[in-house]
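> generate coordinates for the sequence data below:
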Amino acid sequence: MSTAKKLRLGPLPKTESVKLAFNCPASLRADLDRYAALHVQTYGEQVDAATLIPHMLQAFMAGDRGFGKRAVARADTPRQARASANLVDVSD
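Sure, this is the predicted structure:
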């Protein structure tokens, strides 16, 4: 590992994944490729932009206070209330 300043996105954990395709601007792709190259330099683990994107999104969502508050509120809401709010019939 390099002694240089660490990146916000640290070494990547091993996870199970599913495929998701999306379109992005060419400039974003170039930035992602540069970030991947810097990540390789910093941590010595060969990764590409496609491998980093899910971890970046996960870090973004974990740091989003509004999303976190909403997720906690949903977890604290009883199942019946959540179901009726989503207009889902949970009756037997």
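> longest helix in this protein, please.
In the chain, with assignment by DSSP state H, the single longest helix is helix 26-43.
> and the helix or strand following that one, how far out from the chain middle?
Using DSSP states H and E, the helix or strand that follows helix 26-43 in sequence is helix 49-63. Chain-centre distance of helix 49-63: 3 Å, with C-alpha atoms, centre = their mean, to the nearest Å.
> buried stuff in helix 49-63?
Residues 49, 52-53, 55 are the ones in helix 49-63 that count as buried (16 or more other C-beta atoms under 10 Å). Quick note: C-beta positions are derived from backbone N, CA and C, even for glycine.
> which other helices and strands contact that helix?
Packing contacts for helix 49-63, counted by 3 or more C-beta pairs under 8 Å, 6 or more residues apart in numbering; DSSP states H and E, involve helix 26-43.
> and the angle for the helix it packs on with helix 49-63?
Counting by axes from the mean of the first three to the mean of the last three C-alpha atoms, to 10 degrees, helix 26-43 lies at 90 degrees to helix 49-63.
> now tabulate the buried residues of helix 49-63 in JSON lines and tack on pLDDT and distance to residue 72.
Below are the buried residues of helix 49-63 laid out as JSON lines (pLDDT from 0 to 100; distance: C-beta to C-beta, whole Å):
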{"residue": "49", "pLDDT": "94", "distance to residue 72": "31"}
{"residue": "52", "pLDDT": "92", "distance to residue 72": "27"}
{"residue": "53", "pLDDT": "93", "distance to residue 72": "25"}
{"residue": "55", "pLDDT": "90", "distance to residue 72": "22"}
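> tell me the one of those nearest residue 76?
Closest approach to residue 76 among these (C-beta to C-beta): residue 55, at 27.6 Å.
> who touches that closest one in this structure?
Counting by C-beta atoms under 8 Å, 6 or more residues apart in numbering, residue 55 touches 9, 12.
> circling back to that earlier point, let me see the mean pLDDT of the longest helix of the chain.
Computed over helix 26-43, the mean pLDDT rounds to 96.
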